[in-house]
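J.: coords below, sequence missing:
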């Protein structure tokens with residue numbers, strides 16, 4: 001097919017979606033068609049390569065279940081998840097940066113009082129986590145919901161342990177009248193993202209490391225503020241520069257100093273973007 005014929009084909013496909021009632025969906029589909037066809041032409045993709053690509057995506061879908069989302073993992077390692085975060089995260093200077101949600105969040109995590117134990121049996125080095133939630137102008141945000149989740153000392157989340165009958169390493173707290181929260185847990189450790197599926201095959205084929213630097217996940221919500229989804233990473237982690245999901249931001253790296261008696265402590269303050 002000539003270049004002119006290829007252009008005609010692209011236009012025909014875009015026009016077939018022209019009657020899509022939702023204007024945003026129509027815009028997205030049109031852009032997707034143009035970029036997909038452009039990719040095929042730029043790389044001069046063969047039919048065999050296209051079939052291999054379809055087989056790969058089929059395998060990704062077959063690896064998904066209610067405890068594992070391989071498509072999120074694929075999105076993460078391609079940097080697509082962080083690109084979506086980037087285009088949606090134009091916040092005022094001083095607000096805490098967002099990063100990827102990750103595949104291991106679970107809705108309905110147990111409520112934990114301030115000072116409570118989020119580890120709930122997850123093994124690891126004990127730590128105390130303290131933080132505050134405030135607005136960019138310094139106003140304390142009382143009653144904010146702080147959803148936290150992490151892996152254990154083996155680098156595994158509770159959803160990766162089918163033998164567990166209850167949540168571990170996750171909980172939901174509420175900030176007090178001064179916007180503060182605090183809880184006991186275990187020190188996070190580096191861990192490899194799951195490599196037993198097609199995404200793992202992709203990393204091995206391209207000689208990329210699967211190791212994520214140690215971190216805690218946070219989702220913070222409060223009325224009148226934009227929801228914040230972020231991590232806090234450990235200073236000095238050897239994988240900070242090679243995070244396979246591109247989630248590290250310098251502003252999210254913090255010290256986890258030892259405080260004696262085998263315990264560590266993290267102090268990190270979060271700044272939300274006010275929307276109303």
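T.: Sure thing, it's come through. Because the structure is predicted, anything quoted here is derived from the model rather than measured.
J.: For the stretch 151-276 of the chain, just list every one of the helices.
T.: Remark: helices assigned in the stretch 151-276 of the chain by DSSP state H, counting those that start in this stretch are 198-205.
J.: Return the distance of residue 246 relative to residue 44.
T.: Shown here: residue 246 relative to residue 44, a distance of 28 Å by Cβ to Cβ, to the nearest Å. In this view, the C-beta of every residue, glycine as well, is placed from N, C-alpha and C.
J.: which one of those two has more residues nearby?
T.: More neighbours surround residue 246 than the other of residue 246 and residue 44, with 19 against 7 (other Cβ atoms under 10 Å).
J.: so that one sits right up against residue 85, yeah?
T.: No: at 9.6 Å, residue 246 does not count as touching residue 85 under the criterion of Cβ atoms under 8 Å.
J.: what do the two both touch?
T.: Common neighbours of residue 246 and residue 85, using Cβ atoms under 8 Å, 6 or more residues apart in numbering, are residue 100.
J.: Would you mind measuring from the closest residue to residue 77 other than its chain neighbours to residue 95?
T.: Nearest residue to residue 77 in three dimensions, chain neighbours excluded: residue 244, at 5.3 Å (Cβ to Cβ, 6 or more residues apart in numbering). As judged by Cβ to Cβ, residue 244 and residue 95 stand 26 Å apart.
J.: which strand residues sit across from residue 228 in the sheet?
T.: residue 220 (DSSP bridges).
J.: Equivalent analysis for the one 4 residues further on, please.
T.: Taking DSSP bridges, one finds residue 216 as the beta-bridge partners of residue 232.
J.: count of neighbours near it?
T.: Neighbours of residue 232 (other Cβ under 10 Å): 23.
J.: ditto for residue 113
T.: Neighbour tally, residue 113, other Cβ under 10 Å: 12.
J.: thought it was touching residue 171?
T.: No: shown here, residue 113 and residue 171 do not form a contact pair, counting by Cβ under 8 Å, at 9.4 Å.
J.: Low-confidence ranges, the stretch 101-250 of the chain, go.
T.: Judged by pLDDT under 70, the stretch 101-250 of the chain has no weakly predicted residues.
J.: in it, which spans are strands?
T.: 126-135, 145-149, 170-174, 180-186, 191-192, 211-212, 215-221, 228-234 (DSSP state E, counting those that start in this stretch).
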